[in-house]
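Q: need a 3D model of the sequence below.
(chains A and B)
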Amino acid sequence: MSEQRALLCDTAEAVFAEAATLGMASVEEAGFGQLLLAEADGGFGGDWGDLFAVLRIAGAKVSALAVGEHIVGQWLGGEVTRPYGAFIRVAQAAGAMDAALAMSIDYVNTRQQFGKPLGKFQAVQQVLAVFAVEAAAVNVAGAAAAAALDRVAGDAEAALFEIACAKLRTNKAIGQATAIAHQVHGARFHPRI
Amino acid sequence: MSHVMLALVRSEEGSERNAGLSQFLIPMNAPGITIRPIIDMGGDHHFNEVFFDDVLLPDWAMVGMRAQGWAQATAELALERSGPERYLSSHVLMTALIDAAGPDPDPQIKGLIGELTAELWTLRQMSLSTAAKLAAGEDPMVEASMVKDLGNSFEQALPQRVQALVECPSTRDDDLARLMRALLIAAPSFSLRGGTREIIRGIIARGLGLR
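A: Here you go, the predicted model:
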């Protein structure tokens, strides 16, 4: 990861943590709407790989906020069309799945049952391996879709094949990954809190 | 017919498990070697039982370092587990499906082709990413295992996914039908060779910090 992207991610982590309680106002005030705008126009000059990295964090921390729609909308200067929406969802899902995987691993290494952590049972290890593979597939697919957008200066129609592949693959992963996350948490999050 | 085999054998007396193994290149015409072919369900011959009765080897037959055979063999596996041959075993059936579907396929077939394409495209990206790490001299054992696990599941399920949508009586004899029948018989081995699905998932789980 470039130094600029690492700094951007640090900022996103901090701002989105605040936005979790304060909402979109924090994201807008921090200037994330300038992310894709050219430096010559007073923007941040970020690329689609940068956007992917930021939206992964948004997917983990503030999945209900329309961070991606805000950033892409500012760049387009208009309505966010379906292909961009699909890319945004892939990036959010990539971050959310990695976060859910990390929580699942932490949970099974902590929760004891039958005298040992759940993570020591092979059956639990095997399903979490499936989860990790699905999360990796979404992250690789999303990064490849971002690279495709960078090759065509952000023209989603020109990167439609890559975006569609990434989104369809993500749809498949979400079904498996969320089911496994619930299962290894003992459906801890099933009751509405 | 092979002239030489690469064998992983116990070279250190009294050693246990994966310690004390070395790799050797063995000429198949060496005295004392007996080869018994193993024919698989599809009628193909990929494996043999090989017996060694007092076979003597010269010093130069050893590959790499003495007693480091296990580390050498597992390093080879990162290459074996992430390449295209780990997800393209059923690829000919996918192209036959697309050829048979024609320009305006039934919506269900169209949907299947779309799903398979998205999965294949993703696998290719993962395989390329692992290849880049191998080329940079890293040892991406977990990433390679992920490609193999996902790739094997893809190529193994493909014949059944085609079978579920394409009418294929035993009298049908075009490319699609013949490839589907052959792959339905071959597919069970896809998640065994190069490390079983369960072993592979165990390696991934260890990478996640679960073992």
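Q: after the least confident helix or strand in chain B by mean pLDDT, which helix or strand is next? Please name it.
A: Every helix and strand of chain B was ranked by mean pLDDT, DSSP states H and E. The lowest is helix B:69-82, at a mean of 86. As assigned by DSSP states H and E, the chain's next helix or strand after helix B:69-82 is helix B:91-101.
Q: now stretch A:183-192: how far from the chain's centre is it?
A: Stretch A:183-192 has its C-alpha centroid displaced from the chain centroid by 22 Å (C-alpha atoms, centre = their mean, to the nearest Å).
Q: same deal with stretch B:42-58?
A: Here stretch B:42-58 is found 19 Å from its chain centre; the criterion is C-alpha atoms, centre = their mean.
Q: what does that stretch contact?
A: B:5, B:7, B:24, B:26, B:30-40, B:182, B:185-186 (C-beta atoms under 8 Å, 6 or more residues apart in numbering or on different chains). No exception for glycine: its C-beta is placed from N, CA and C like everyone else's.
Q: the least confident helix or strand of chain B - contacts with which helices or strands?
A: Contact here means 3 or more C-beta pairs under 8 Å, 6 or more residues apart in numbering or on different chains; DSSP states H and E; on that basis helix B:69-82 packs against strand B:4-10, strand B:21-27, helix B:107-135, helix B:141-165.
Q: so which bits of the first one are buried?
A: For strand B:4-10, the buried set under the neighbour-count rule, 16 or more other C-beta atoms under 10 Å in any protein chain shown, comprises B:Ala7.
Q: contacting residues around A:Met24?
A: Contact analysis of A:Met24 by C-beta under 8 Å, 6+ apart lists A:Leu65, A:Ala66, A:Val67, A:His70.
Q: chain B: which of these is nearest?
A: Each of those was checked against chain B using C-beta to the nearest C-beta; the closest is A:Val67, at 24.4 Å.
Q: the helix or strand of chain A with the lowest mean pLDDT: partners in the sheet, and parallel or antiparallel?
A: Sorting the helices and strands of chain A by mean pLDDT, DSSP H and E puts strand A:112-113 at the bottom, at a mean of 94. Note on strand A:112-113: by DSSP bridges, its sheet partners are strand A:116-117 (antiparallel).
Q: need the residues that contact the partner strand.
A: For strand A:116-117, the external contacting residues (C-beta under 8 Å, 6+ apart) are A:Val108, A:Asn109, A:Thr110, A:Arg111.
Q: right, and the first one touches A:Val124 too?
A: Yep, that's A:Val108 we're talking about. Yes. Applying C-beta atoms under 8 Å, one finds A:Val108 in contact with A:Val124, separated by 5.5 Å.
Q: overlap of the contact sets of the two?
A: A:Leu118, A:Val184, B:Leu210.
Q: so the second one sits right up against A:Val124, yeah?
A: What that stands for is A:Val184. Yes. Using C-beta under 8 Å, A:Val184 is in contact with A:Val124, at 6.1 Å.
Q: where do the contact lists of those two overlap?
A: Residues touching both A:Val184 and A:Val124 (C-beta under 8 Å, 6+ apart): A:Val108, A:Leu118.
Q: now do the contacts for residue 94.
A: By default, I'm working from chain A. A:Ala94 is in contact with A:Phe52, A:Arg56, A:Gly59, A:Ala135, A:Val138, A:Asn139, A:Gly142, A:Thr170, counting by C-beta under 8 Å, 6+ apart.
Q: not what I meant, chain B
A: Contact partners of B:Met94, counting by C-beta under 8 Å, 6+ apart, are B:Ile113, B:Leu116, B:Leu120, B:Leu158.
Q: my guess is the third one meets B:Phe154, correct?
A: Yes. The pair B:Leu120 and B:Phe154 qualifies as a contact (C-beta under 8 Å) at a distance of 7.1 Å.
Q: where does B:Phe47 sit: helix, strand or coil?
A: Following DSSP: H, G, I helix; E, B strand; the rest coil, the label given to B:Phe47 is strand.
Q: which residue sits farthest out from the middle of chain B?
A: Here chain B reaches farthest from its C-alpha mean at B:Asp104, the gap being 34.7 Å by C-alpha atoms, centre = their mean.
Q: hang on, the earlier thing: B:Leu120 and B:Phe154: which has the busier surroundings?
A: The neighbour comparison of B:Leu120 against B:Phe154 (other C-beta atoms under 10 Å in any protein chain shown) goes to B:Phe154, with 23 against 20.
Q: quick check: B:Lys110 vs chain A, distance?
A: Using C-beta to the nearest C-beta, to the nearest Å, B:Lys110 is found at 13 Å from chain A.
Q: quick one: neighbours of that residue, just the number.
A: Around B:Lys110 there are 12 residues (other C-beta under 10 Å).
Q: coming back round to it: can I have the buried ones of the contacts of stretch B:42-58 as a ChimeraX selection?
A: Command for ChimeraX that selects the buried part of the contacts of stretch B:42-58, burial taken from 16+ other C-beta under 10 Å:
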select /B:7,24,26,182,186
